[in-house]
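Enquirer: Quick one: sequence and predicted model below, then my questions.
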Amino acid sequence: MGQSASGNNGYKIKEFDRIVERRYQTYLADEEDCTLADFYRVVCKTVEEINKKIGSTQFNVPKIITVMQATEYVRSFSPP
């Protein structure tokens, strides 16, 4: 089942706060035109980093270039 942010795994909420704060400062603090997609991507990458720290399994968020390449590939099969 899921893992808790405290207890057996030894990670404190303060450590997660630092991860969230660093991600916010790096990706969102100065962003005036942040889209909902940008925000969700930062949230997903933050959760991914926290899960790596506690040894939890999850799907990784693909890189933007990978998504763009896949989109172009699929579009190449669509009629004009």
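Expert: Okay, I see it.
Enquirer: starting at the chain centroid, how far to stretch 64-80?
Expert: Averaging C-alpha positions (CA atoms, centre = their mean, to the nearest Å) puts stretch 64-80 22 Å from its chain's average.
Enquirer: I'd like the mean pLDDT over that stretch, please.
Expert: Mean pLDDT, computed over stretch 64-80, is 82.
Enquirer: now what about that stretch, what contacts it?
Expert: Residues outside stretch 64-80 that contact it (CB atoms under 8 Å, 6 or more residues apart in numbering): residue 41. Bear in mind the C-beta positions are built from the backbone N, C-alpha and C, glycine included.
Enquirer: rerun at 6 Å
Expert: For stretch 64-80, there are no external contacting residues (CB atoms under 6 Å, 6 or more residues apart in numbering).
Enquirer: likewise stretch 13-32?
Expert: 5, 34, 42, 46, 49-50.
Enquirer: Now a ChimeraX select for only the buried ones of those residues.
Expert: Entered in ChimeraX, the line below selects the buried ones among those, by 16 or more other CB atoms under 10 Å:
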select :42,46,50
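Enquirer: Which members of the contacts of stretch 13-32 define the maximum pairwise distance?
Expert: Spatially, the most separated pair among the contacts of stretch 13-32 is 5 and 34, at 26.1 Å (CB to CB).
Enquirer: is it true that residue 58 touches residue 50?
Expert: No. Residue 58 lies out of contact with residue 50 (CB atoms under 6 Å); the separation is 9.5 Å.
Enquirer: returning to that earlier point: JSON lines please, covering the contacts of stretch 13-32 and showing secondary structure.
Expert: Shown next, in JSON lines, are the contacts of stretch 13-32 (DSSP: H, G, I helix; E, B strand; the rest coil):
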{"residue": "5", "secondary structure": "coil"}
{"residue": "34", "secondary structure": "coil"}
{"residue": "42", "secondary structure": "helix"}
{"residue": "46", "secondary structure": "helix"}
{"residue": "49", "secondary structure": "helix"}
{"residue": "50", "secondary structure": "helix"}
